[in-house]
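Visitor: Okay, here's the prediction I keep looking at, along with the sequence it came from:
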Amino acid sequence: MDSTQRTKVRGTPVNVPSVAGRNQKAKERLPNNYSFPQRLFVILDEEEAVQKPNPVISWLPHGRAFMINDPNAFTETIMPNYFSNIKKLSAFRRQLNINGFRQLTKGADSGAYYHELFLQGRFHLSRGITKVKNKNKPKFDASSEPNFYKMPPIEEE
């Protein structure tokens, strides 16, 4: 049986690995060509599908950013299942930075990560996230952080 299924994430049909195979390590069942952002999207999708009362990692209500709610559990239980080459939370954060994710530093979403092409229910957009070269990386200005609660909600496709 194919380990992917066509599911609806917030009403959007998406091909993501089946949650039914969770007992098998995700790094073994995910396609080898999945990039870091695509694997991260699958993590968030699967954690949401399980619907734990206190998720280790989760989308924020607006669907434009995610939060690692329990860094220790994330490092011990989730990272080993999805990434064979990333062992420490600092290496995971480095990958976020390399791929252009930004961390929010103020407001209700402080500590969350976001990227303009990383939106809940829009797996296809994560394919467009590319690694950022240091010389091309814009300087970060905390005063220009977005307020996702003032933006219109993400529309279903």
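Guide: Sure thing, it's come through.
Visitor: Gly100 touches Tyr114, doesn't it?
Guide: No: at 10.0 Å, Gly100 does not count as touching Tyr114 under the criterion of C-beta atoms under 8 Å. All C-beta spots, glycine's among them, are computed from the backbone N, C-alpha and C.
Visitor: Give me the below-cutoff pLDDT ranges for the chain.
Guide: Applying pLDDT under 70 to the chain flags residues 1-27, 135-143, 156-157.
Visitor: how about the strands in it?
Guide: Assigned by DSSP state E, the strands in the chain fall at 4-9, 12-17, 57-59, 65-68, 102-103, 113-114.
Visitor: Tell me which other helices or strands the last one touches.
Guide: So the one you mean is strand 113-114. Judged by 3 or more C-beta pairs under 8 Å, 6 or more residues apart in numbering; DSSP states H and E, strand 113-114 is in contact with strand 65-68, strand 102-103.
Visitor: Name the surrounding residues that touch the last one.
Guide: Judged by C-beta atoms under 8 Å, 6 or more residues apart in numbering, the contacts made with strand 102-103 from elsewhere in the structure are Leu96, Gly111, Ala112, Tyr113, Tyr114, His115, Phe140, Glu145.
Visitor: If any of those are buried, put those into a ChimeraX selection.
Guide: Of the contacts of strand 102-103, the buried ones go into a single ChimeraX selection, burial set by 16 or more other C-beta atoms under 10 Å:
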select :96,112,113,114,115,145
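Visitor: Please consider this matter closed, and thank you.
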